[in-house]
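build me a model from this:
(2 chains)
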Protein chains: 2
Amino acid sequence: MASLEFWFDYASTYSHLAAMRIRGAAEARGVAVRWRAFLLGPIFGAQGWRDSPFNIYPAKGRNMWRDMDRQAAKHGLPPVTRPEPFPQHSLLAARATLALPEDLRGAFAETLFRAEFVEGWDISDPGTISAAVRAAGGDPAAVLEATQDQAVKDALKAQGAEAARLGIYGAPSFVTGDGELFWGHDRMEDALDWAAWRGVRPAG
Amino acid sequence: MASLEFWFDYASTYSHLAAMRIRGAAEARGVAVRWRAFLLGPIFGAQGWRDSPFNIYPAKGRNMWRDMDRQAAKHGLPPVTRPEPFPQHSLLAARATLALPEDLRGAFAETLFRAEFVEGWDISDPGTISAAVRAAGGDPAAVLEATQDQAVKDALKAQGAEAARLGIYGAPSFVTGDGELFWGHDRMEDALDWAAWRGVRPAG
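Modelled structure (predicted):
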């Protein structure tokens, strides 16, 4: 089965749009999605940014929020709420994702993005994480405890190093089995098409 | 007739894609396009950038060129050539646009973008500008002379001030008659749809 890696940061607005839409778009093409949470912070930090570019550059930020409203309407998604603070602290959420079995990560991420960008919940709050773990069919207490394990902390750091190695510089990003990198919610369909077509192209 | 303002900088790669495609996409919707050349330099400068972000952030730049190859193929456009140097100096080209009658600006811009990003010509070379003016049906000598007129220099400055006032922070950008701002080649169809629908929506 064709597959696609979906790299996202829970604090990222366009990752939210992709998270709300990727399951249906992938199923329609028979593509399996690997949900890969990572932290943009270290990657932005290496570029000299200490905050979201949407906060650093106000005109860009204003239009991004307007664009979120338009894109949500265009794709039939619930209206977008601006989380406070923005960006949210996504460390606990990213660790919780890695503490979950891989087959629950997509459902957890969908629930958490909706809680953050539709309901306006604080995703750094352990109560929010617990509710999303429960909704995804996981064990909230075990996951919250595991977020403090060195193994989970290391796994998230390794995930970040892999993102940098793959050339990822923003979120969402999509990486195909043959190493093609697509950046942005606007490239989600292209990335899924690329992944799907690979299965019907002759090898080499 | 519905209309849309197309704001572009000749040095901008995604402005090239939009310039190659907007005529057909606008005609299909019955939307008139106003071609508005401006300089991103002062706007980027106000954000602290002294170079293209695609040069400042190498991972972003690498993926942009790869994306240009993919997008050109996807939309049936000629393969993209990387101009040397990148970004090109677009001051002379922008002034020449404003020195032309408005009805020739689109043809001039299409020719010049193709010369730059397909043929690899230097758009700061008066010979390149002359050839594009001639192809658009203008008078090359008169236009080149007019690029040194204070009125044309002032018109370009006013165009830049208007871009900033409209909230433009990148190129290409699209602005509808009711003031809706769309950023990026990826929003070109949305902007054209918005402009076209306005004519069939009830007022107010």
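
against which helices or strands is the helix or strand that contains residue A:160 packed?
Using DSSP states H and E, residue A:160 sits within helix A:150-165. Helix A:150-165 makes packing contacts with strand A:32-37, helix A:40-46, helix A:91-99 when contacts are defined by 3 or more CB pairs under 8 Å, 6 or more residues apart in numbering or on different chains; DSSP states H and E. Every residue, glycine included, has its C-beta placed from N, CA and C.

deepest of those, which one?
helix A:91-99 (a mean of 25; mean count of other CB atoms under 10 Å in any protein chain shown).

least confident of the helices and strands packed on helix A:150-165, on average?
Here the lowest mean pLDDT among these goes to helix A:40-46, at a mean of 89.

and after the helix holding residue A:160, which helix or strand comes next?
Where DSSP H and E defines the elements, the next helix or strand beyond helix A:150-165 is strand A:173-176.

can you list contacts of that following strand?
A:4-7, A:163, A:166, A:168, A:181-184, A:187-188, A:191-192, A:194-195, A:198 (CB atoms under 8 Å, 6 or more residues apart in numbering or on different chains).

same question for stretch A:144-155.
A:92, A:95-96, A:98-99, A:126, A:129-130, A:133.

just the pLDDT at residue A:101, thanks.
Residue A:101 is assigned 97 on the pLDDT scale.

was I right about residue A:185 contacting residue A:18?
Yes: if you go by CB atoms under 8 Å, residue A:185 and residue A:18 touch, sitting 4.6 Å apart.

give me the common contacts of these two.
Both residue A:185 and residue A:18 are contacted by residue A:172, under the criterion CB under 8 Å, 6+ apart.

and residue A:5, how far from residue A:16?
Distance, residue A:5 to residue A:16, using CB to CB, to the nearest Å: 18 Å.

OK, contacts around residue A:167?
A:181, B:59, B:62-63.

an error on my part: the question was meant for residue A:59.
Contacts for residue A:59 (CB under 8 Å, 6+ apart) come out as B:167-169.

about what we covered before: next, format the contacts of stretch A:144-155 as a markdown table and append distance to chain B.
A markdown table is the format used below for the contacts of stretch A:144-155 (distance: CB to the nearest CB, whole Å):
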| residue | distance to chain B |
| --- | --- |
| A:92 | 27 |
| A:95 | 25 |
| A:96 | 27 |
| A:98 | 23 |
| A:99 | 29 |
| A:126 | 34 |
| A:129 | 30 |
| A:130 | 36 |
| A:133 | 33 |
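
would JSON lines of the helices and strands packed on helix A:150-165 with distance to residue B:122 be doable?
Formatted as JSON lines, those follow (distance: least, CB to CB, whole Å):
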{"stretch": "strand A:32-37", "distance to residue B:122": "42"}
{"stretch": "helix A:40-46", "distance to residue B:122": "33"}
{"stretch": "helix A:91-99", "distance to residue B:122": "46"}
